Structures are given as C-alpha cells and as structure tokens.
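Visitor: okay, sequence plus prediction incoming.
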Amino acid sequence: MDVQIKKLPKSEIEISGEIPADEFEAHYQSALKELNEKSSVAGFRPGHIPENMLVEKIGEDSVLEHAAEHALEEAYPKILEENKIDALGQPRITITKIARQNPLGFKIQTAVLPEIKLPDYKNIAAGISARIDEIKVEEKEIEEALNFLRKSKSKNTENTESQNTESHDSDGRPNQITGTNQITETKKPEGLSEGLSEGPESDDEFAKSFGQQDLNGLKKLLEENIRQDKTTKARESRRMEIMDKISSLVVAEIPQILIDSEKEKMSAELRSSIENMGMKWEDYLNHIKKTEEELKKDWAGEAEKRARYALILREIANAESIAPSDEELNGFVVSSLAQYPAPERAKIDKERFKDYAYGILRNEKVFNFLESKTK
C-alpha cells in the first residue's frame, strides 16, 4: 500500500493513503457477515438475513463505516511496521473517500517519538562525574539533629507532626521529613518547630531509647546518617547536572502526550504522598486552594523536563545496549510488590508495574554507566 507521510509540529505525523478497492471489498463482505449475525429481522435467524434486507435495515453507510474500521485496524499496524514509525497513543483517523467497489481513502494523525540526536554524552558525564564533592558534617548539624530528636520525644510532637500536612513547597508538594532515616533529618518542615517543647535531656539514657549504647554512639550514628544523606544528595545533584547539560544540547519537540503522561504521574505521586500522611486528597486541594487541573497546569514545565530526560535516557540505553536482566527485573518486581499490603498488591496491574520497574532499573544502569565515565 502506498502511503504518504508528512511531518507535523509537536512531533506528530500525518499518514495519508488508500486501501485498494479489492481489499476494501473483502472488508465490506466481512462487515456484512458480522452485522448480519448481530441483527434481527422477523422471519430470519441471525446470520441468515438476505443482504438487501440487511442493508435496507441498517443502512449502506453503517456497513461501509464498519468495513472501514475493519480495514484500518488491519492496515494501521502494518503501516507503522513497514515505515518504522514509533507511534504514541491513539491515532486520529479521518476517512477521506469511502464508497463500495472503490479504494478507501484515509488520513491518520498521530504523535511519534521524536528523533533524539545525542551530543557527546560520555564526555559530558566524564567532566561532571570527575568532580569530587567534599562531604562535611559539622557539629552544629549533629546538635540540630539531636535537638530535633529530643523535641520529637516531647508530648507536643505528635500533635505538631500532624501539622506536617499543613505546609507545602512552592510546587504545591507537601514538605515532609526525608532521608533514609528520620533521625538523620536536621531540617524540619516549615512551621513544625513552633509549639515543640525541649524534650528530655540528651544523655546516655536518651541515647538508649534509640538503641544506642550511649550519647556518643547516638551522635556517631547521626553523623554517619547525615553524611550518607549528603552523599546521596550530592550524587543526585551531579546526575541532574549531567542531564541538564545533555538536555541543553538536544533539540527535540516533546510530544504533548508524553508531557500529559508525566503530569498524570506527578499527580499520582503527590496524591499517594498526601494519602500516606493520612490526609484526604480533596482536603489537600481545598487547603492549597487549587484544583487538580490547576496543579497540572503549574507542572507543565517540570513535566516536559521529565519527559525530555526520559527520552534521553532511553536513547542512551539503546545506543549502549543497556537493559536490566530478567533476573534483576523479576527480583525488583517481587521485592517492590512485597512492600504493599496484600489488598493493595492484589489491585496492581502486574504487567504495567513490570514496565515501570524496567524503566527504573534501566535508568539506574544508564546513570551508573555515565558515572563510570570519569576523566
């Protein structure tokens, strides 16, 4: 089948062409048979209605439209495969010519993966990864963490921690205690400090309540956790610097469908975070005085950035043949799903979760590959 492909703005294409008359007639006959079996005419069993009576009952246009659906459902995947088109989402189809015993004319508009021409990403990564960030933990930070633990022990803390849901950052996302261990956090969410009592004395007895032998042991644990937290943040910062640099040298129009998909993911992540803190999503939206659609509109820039980074990571993975093994993927899926309570785990679409896990593992491998390219 001859088709013409025209590039459109925003990483979309238009495919136009015709399905030959003999092929369309075959689909017409198939459509007639299917409609015959689904129709009822007095005096005839379904599937045995004379063609002229069936067409008179449901109309010639209905049969032609049904035949066109059949024809394009069969033709579209072949067009994509033969022309090596990476289509995204549902296509928008327009019938341009339709009549029995004639070719079926059509136009199909769809988003496609944009072409990504990567810069010298290895050299970019090598320059940034070679930088050595000195990680220091000051005594003041340990004392701040210790004081926070003391206050957390106070009677007021439980009441005040609930205020954690009351503060949010400039992106509308709630502030929360972060890090691999809550006791490593030295900065409290805004508004959390007010109303906290000083709590118990920081002595050996206090340290034992955290499973440490004495106060020095607790301080060493805090120091190490703060150091690990800073090390992780420094690594994430370098990774983002690498991606920012590569992205700045990539010219590509990001399809709107990918940006919208990222907005949906961001909304789901925020909603999950809110609900995990025991707050209703609707109450949160009321609190920040925004609708979900307004939040998504605010996230347009960040969503496009995330979509762009995902495409770049995918392209590097393809260029370097980087992919998780089946063993790594299955192990990650099993361990990740095990963290969900059984009722929630039963509701998860396993195949979609596996796709999600594949992306996470592949991206981590790409970052490890880039970080290994030190000058």
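Guide: Nice, I can see it.

Visitor: grab the longest strand from this structure for me.
Guide: Ranked by number of residues, the top strand in the chain under DSSP state E is strand 87-97.

Visitor: ok, which stretches of the stretch 101-250 of the chain are strands?
Guide: Using DSSP state E, counting those that start in this stretch, the strands of the stretch 101-250 of the chain run over 104-112.

Visitor: which stretches of it have low pLDDT?
Guide: 154-198 (pLDDT under 70).

Visitor: how about 50 then?
Guide: Applying pLDDT under 50 to the stretch 101-250 of the chain picks out residues 156-157, 159-195.

Visitor: what about the helices in it?
Guide: Using DSSP state H, counting those that start in this stretch, the helices found in the stretch 101-250 of the chain span residues 121-129, 139-153, 155-161, 204-208, 215-248.

Visitor: and the longest one with helix 139-153, angle?
Guide: This points to helix 215-248. Relative orientation of helix 215-248 and helix 139-153, computed by axes from the mean of the first three to the mean of the last three C-alpha atoms, to 10 degrees: 110 degrees.

Visitor: list the buried residues of helix 215-248.
Guide: Residues of helix 215-248 classed as buried under the neighbour-count rule (16 or more other C-beta atoms under 10 Å) are 215, 218-219, 221-223, 225-226, 228-230, 238-239, 241-243, 246-247. Where C-beta positions appear, they are placed from N, C-alpha and C, glycine not excepted.

Visitor: follow-up on the earlier one: what residues of the longest strand of the chain count as buried?
Guide: 87, 88, 91, 93.

Visitor: quick check, the third one in contact with residue 109.
Guide: Meaning residue 91. Yes - between residue 91 and residue 109 there is a contact under C-beta atoms under 8 Å: 6.6 Å.

Visitor: how about residue 83, nearest residue that isn't a chain neighbour?
Guide: residue 5 (6.4 Å; C-beta to C-beta, 6 or more residues apart in numbering).

Visitor: which residues are in contact with the one you found?
Guide: Neighbour list for residue 5: 13, 14, 15, 83, 85 [criterion: C-beta atoms under 8 Å, 6 or more residues apart in numbering].

Visitor: and for residue 93?
Guide: 72, 106, 107, 108.

Visitor: between those, which is closest to residue 355?
Guide: Each of the contacts of residue 93 was checked against residue 355 using C-beta to C-beta; the closest is residue 108, at 25.3 Å.

Visitor: so that closest one bridges to which residues?
Guide: residue 15, residue 93 (DSSP bridges).

Visitor: how about the contacts made by it?
Guide: 14, 15, 16, 72, 76, 79, 91, 92, 93, 94.

Visitor: recalculate using a threshold of 7 Å.
Guide: Contact partners of residue 108, counting by C-beta atoms under 7 Å, 6 or more residues apart in numbering, are 15, 76, 91, 93.

Visitor: what does the helix or strand residue 263 falls within rub up against?
Guide: Assessed by DSSP states H and E, residue 263 sits inside helix 256-276. Around helix 256-276, the neighbours that count as contacts under C-beta under 7 Å, 6+ apart are 10, 88-89, 111, 173-174, 281, 284, 292, 295-296, 299-300, 303-304, 306-307.

Visitor: relative to its centre, which residue of the chain is most distant?
Guide: Computed with C-alpha atoms, centre = their mean, the maximum C-alpha offset from the centroid of the chain is found at residue 43, amounting to 55.7 Å.

Visitor: distance of the residue nearest to residue 8 when sequence neighbours are not counted from residue 81?
Guide: Spatial nearest neighbour of residue 8, chain neighbours left out: residue 14 (5.8 Å); criterion: C-beta to C-beta, 6+ apart. Distance, residue 14 to residue 81, using C-beta to C-beta, to the nearest Å: 18 Å.

Visitor: neighbour count: those two, which is higher?
Guide: More neighbours surround residue 14 than the other of residue 14 and residue 81, with 15 against 9 (other C-beta atoms under 10 Å).

Visitor: per-residue pLDDT, that one?
Guide: Residue 14 carries a pLDDT value of 97.

Visitor: how about it, what does it touch?
Guide: Shown in contact with residue 14 (C-beta under 7 Å, 6+ apart): 6, 8, 107, 109.

Visitor: give me the number of residues near the second one?
Guide: Applying the criterion other C-beta under 10 Å, we find 13 residues in the vicinity of residue 8.

Visitor: just the third one next, same as before
Guide: If you count neighbours by other C-beta under 10 Å, residue 107 ends up with 16.

Visitor: ok, it touching residue 96?
Guide: Yes - counting by C-beta atoms under 7 Å, residue 96 is a contact partner of residue 107 at 5.8 Å.

Visitor: using the three-state scheme, assign residue 345.
Guide: helix (DSSP: H, G, I helix; E, B strand; the rest coil).

Visitor: so it sits against residue 334, correct?
Guide: No - using C-beta under 7 Å, residue 345 is not in contact with residue 334; the gap is 10.9 Å.

Visitor: neighbour-wise, which of those two wins?
Guide: Higher neighbour count among residue 345 and residue 334: residue 345, with 14 against 10, using other C-beta under 10 Å.

Visitor: grab the nearest non-local neighbour of that one.
Guide: residue 337 (5.5 Å).

Visitor: now the helix holding residue 263: mean pLDDT?
Guide: Here the average pLDDT along helix 256-276 is 93.

Visitor: 823 is where my numbering starts, stick with that
Guide: Okay, using 823 as the starting number, the last item reads as helix 1078-1098.

Visitor: which positions in that helix come out as buried?
Guide: Neighbour counts over helix 1078-1098 (16+ other C-beta under 10 Å) mark 1078, 1079, 1080, 1081, 1083, 1084, 1085, 1088, 1089, 1092, 1096 as buried.

Visitor: I'd like those residues as CSV, with distance to residue 1029 appended.
Guide: As requested, the buried residues of helix 1078-1098 are exported to CSV (distance: C-beta to C-beta, whole Å):
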residue, distance to residue 1029
1078, 55
1079, 54
1080, 50
1081, 50
1083, 48
1084, 45
1085, 46
1088, 40
1089, 42
1092, 37
1096, 34
